[in-house]
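**Student:** This is a predicted model, with the sequence first.
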Amino acid sequence: MLNLLRKDFIALKSSLGMLILCLALFSIFFIPKHDMSIFTVGFTVALAAVNMSTMIDVRNNNHNFLITLPISRKHIVLAKYITAIIGSLFGVLASYGIHLLVKLAFPQLNKPDFSITGLLVPIGMILVLISIYLPLFYTLSKKGAEIINVVFLISLIVLMNPGAMLMMMSEESFISGQILFLISIGILLLLIASYYLTVYLFTRKDL
């Protein structure tokens, strides 16, 4: 299991420069123009990290090799879920850190304050997308890479504005703590169900 995680992080390390470039470009483009740029930048970079971690597997035919080893397919899937979640957290927290620096360096931009609680909105939405994306990835894999990327792009466009509004509402206390807690539990259950569905699909799949 640890070796699978190490493999994923080594693969992501090779794409770290691209992720940093994405973070820089989206920050330069969105931060001066949008009040909710913290959501837009974090959400976009997090999804880019998830996409890169899976497309590296497709490009290198990693699954074809891994299933020849004495490794459980359940562990292969679990490692990918963990990598996707950590990559998502990197994107959101990196965006938060950059916005703190921008707020200190350029107070004239009047960027709004955001709490750690507000970050739960983009993290939650990314976890929902991971719950949909990874079963598709393990079902379609290389043959359906284009379909997966189109679904990912459409999801990004559709969820961008509603997600930013939800983040603002959570910051302004329009959404109670109890509702946020229930939503968090629902997302966690969805993620767990997605994991077991992906394991089932990947186990039955003939690579």
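**Tutor:** Now that the structure is in, tell me what you want to look at. For clarity, every value in this text was computed on a predicted model and none was experimentally measured.
**Student:** can we go C-alpha only for contacts and neighbour counts from here?
**Tutor:** OK.
**Student:** How many residues are close by residue 184?
**Tutor:** By other C-alpha atoms under 10 Å, the residues close to residue 184 number 15.
**Student:** Now it: which helix or strand?
**Tutor:** Using DSSP states H and E, residue 184 falls within helix 177-204.
**Student:** Residue 83 now?
**Tutor:** When elements are assigned from DSSP H and E, residue 83 belongs to helix 73-105.
**Student:** So which bits of that helix are buried?
**Tutor:** Across helix 73-105, burial judged by 16 or more other C-alpha atoms under 10 Å covers 73-74, 76-81, 83-85, 87-96, 98-100, 102-103.
**Student:** same thing with stretch 111-128?
**Tutor:** By neighbour count on 16+ other C-alpha under 10 Å, the buried set for stretch 111-128 is 111, 114, 118-128.
**Student:** Can you add secondary structure and give these back as CSV?
**Tutor:** Shown next, in CSV, are those (DSSP: H, G, I helix; E, B strand; the rest coil):
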residue, secondary structure
111, coil
114, coil
118, helix
119, helix
120, helix
121, helix
122, helix
123, helix
124, helix
125, helix
126, helix
127, helix
128, helix
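**Student:** Turn these into JSON lines, columns for pLDDT and distance to residue 134.
**Tutor:** Output for the buried residues of stretch 111-128, formatted as JSON lines (pLDDT from 0 to 100; distance: C-alpha to C-alpha, whole Å):
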{"residue": "111", "pLDDT": "75", "distance to residue 134": "34"}
{"residue": "114", "pLDDT": "72", "distance to residue 134": "30"}
{"residue": "118", "pLDDT": "71", "distance to residue 134": "25"}
{"residue": "119", "pLDDT": "77", "distance to residue 134": "22"}
{"residue": "120", "pLDDT": "80", "distance to residue 134": "21"}
{"residue": "121", "pLDDT": "80", "distance to residue 134": "20"}
{"residue": "122", "pLDDT": "82", "distance to residue 134": "18"}
{"residue": "123", "pLDDT": "86", "distance to residue 134": "16"}
{"residue": "124", "pLDDT": "86", "distance to residue 134": "16"}
{"residue": "125", "pLDDT": "85", "distance to residue 134": "14"}
{"residue": "126", "pLDDT": "87", "distance to residue 134": "12"}
{"residue": "127", "pLDDT": "90", "distance to residue 134": "10"}
{"residue": "128", "pLDDT": "88", "distance to residue 134": "10"}
